[in-house]
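[1] below are the sequence and a predicted model; questions follow.
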Amino acid sequence: MLWRSLPIRAWFFGLFLMVGLGLAYYSVLGLGAKESVTQQFLHRKQTLARAEAGNLVSYFQSFGNSVATLSQLSSINRRDTTTIQDMDTFVEQRRDGGKVGGVVLTDKFGVVQFNSNVIGTRDLGMSLADRDYFVWAKSEPEERYFIGQPVVSRVGASKGEVIAPVAAPVYERGVFAGVVVASVRLKPLTERYLGLLKISDTTDVHLIDNEGDLLYNGSKPELAGSNIFELSQDELFTDSRMLDNLIKNILNKTEEGNLQIDGYLVAYSPVALGSQKWMLVMTSPSQRISELTKPIYIRQTSVLLLTFLTTLLFGIVAASGSKGTKRLEEPNL
């Protein structure tokens, strides 16, 4: 057999060659492939987070302009039957999807005088004078509309739900006369936009306002409305205490970014809504990268094995040919 005729040095050389090629493949291609896939994955998450953050901003801009237009209708100043008719029309046009709960009109003291909502109740007399949007409206602002701090609704179809109020001031002959406030129900809104970000079973999505209130929490929806800084020591809003603390620090960021830390890939993008600064965060365990790069390692191992066998076969053939030539050259005695 040819392989038996090979000297021991040839076998050591073959083994050394295989190990050397293996290390070279792993260093150049293996680690490079993992780093490349990681960066691509982070870039993809970053792009998705940026896109959905932009969609949320666009939604509130469009809705805010609609509320501002409603506040300037002559029927709003008349405060008669035509007032509630126009408010009902406003709500009916936005009923689909359940994102809008209703709209109310207050007097100059912040007391609800007119109320239109998707379930048709007319809760009146509730004071909204302590809300941030009413304080803003009384200050004669230059902006057309205001997005208030997410709160638990006190009136209408969204009563008891977390909403984002969108308000516009009402003026009568240049004098402040009240405020029009429409409620955006955050649960259906965030499910509509942020549910699309769950690109795998291990991806988690969080939307948090500048006060630390969880507006959306993909893995633990029951915590929506909770404040992440007020949760007990034993209660986590992610799967990791380290990840909880990381996200708390991310709330201070003003620019988008991404990072890889302690087994997690994180991408985040701010949602700038006037005075409201929300943060959209996507997380995934980095184990996902190992799953994606496993086929690459298998292919590289196959190529390495094929290369070694080819080299070994070439060496055997070369050694055999060399010995045959040497026999022919030896003189017959």
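    Okay, I see it.
[2] these two touch, right, residue 250 and residue 269?
    No - the criterion here is Cβ atoms under 8 Å, and residue 250 misses it with residue 269 at 10.3 Å. Where C-beta positions appear, they are placed from N, C-alpha and C, glycine not excepted.
[3] could you count how many residues lie near residue 275?
    14 (other Cβ atoms under 10 Å).
[4] so who does it touch?
    132, 146, 147 (Cβ atoms under 8 Å, 6 or more residues apart in numbering).
[5] what's the spacing between stretch 232-245 and its chain's center?
    18 Å (Cα atoms, centre = their mean, to the nearest Å).
[6] between residue 250 and residue 269, which has more neighbouring residues?
    residue 269 (26 against 17).
[7] from the contact counts, what lies against the helix or strand containing that one?
    In this structure, residue 269 is located in strand 264-273 according to DSSP states H and E. The contact analysis (3 or more Cβ pairs under 8 Å, 6 or more residues apart in numbering; DSSP states H and E) places strand 264-273 against helix 31-71, helix 241-250, strand 257-261, strand 276-285.
[8] just name the most buried of the ones you listed.
    Of all those, strand 276-285 has the most neighbours on average by mean count of other Cβ atoms under 10 Å, namely a mean of 22.
[9] for the stretch 51-200 of the chain, what spans make up the helices?
    With helices called from DSSP state H, counting those that start in this stretch, the stretch 51-200 of the chain shows them at 74-78, 81-92, 132-138, 186-194.
[10] wait, residue 134 touches residue 108, no?
    No - checked against Cβ under 8 Å, the pair residue 134 and residue 108 is beyond contact range at 9.9 Å.
[11] those two: who's more crowded?
    residue 134 (24 against 16).
[12] pLDDT score assigned to that one?
    If you check residue 134, the pLDDT there is 95.
[13] repeat for residue 260
    pLDDT at residue 260 comes out at 85.
[14] wouldn't it be in contact with residue 41 here?
    No - Residue 260 is beyond contact range of residue 41, at 9.4 Å (criterion: Cβ under 8 Å).
[15] show me the shaky parts of this protein.
    Filtered on pLDDT under 70, the chain yields the residue ranges 1-34, 37, 155-158, 199, 287-333.
[16] ok, residues contacting stretch 41-58?
    189, 193-194, 196-197, 199, 203, 256-260, 265, 267-273, 278, 280-282, 284, 288-289, 292.
[17] ok so, going back, for the helices and strands packed on strand 264-273, which one sits closest to residue 151?
    When the helices and strands packed on strand 264-273 are compared by Cβ to Cβ, strand 276-285 sits nearest residue 151, at 11.7 Å.
[18] okay, the closest one in CSV with CA atoms only?
    Provided in CSV are the C-alpha atoms of strand 276-285 (Å, rounded to 0.1, in the frame of the first residue of the first chain):
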residue,chain,number,x,y,z
GLN,A,276,-41.9,64.0,24.6
LYS,A,277,-38.8,62.0,24.0
TRP,A,278,-39.5,58.3,23.7
MET,A,279,-36.9,55.5,23.1
LEU,A,280,-37.5,52.5,20.9
VAL,A,281,-35.2,49.5,21.9
MET,A,282,-34.8,46.2,20.1
THR,A,283,-32.9,43.3,21.8
SER,A,284,-31.9,39.8,20.7
PRO,A,285,-29.6,37.2,22.3
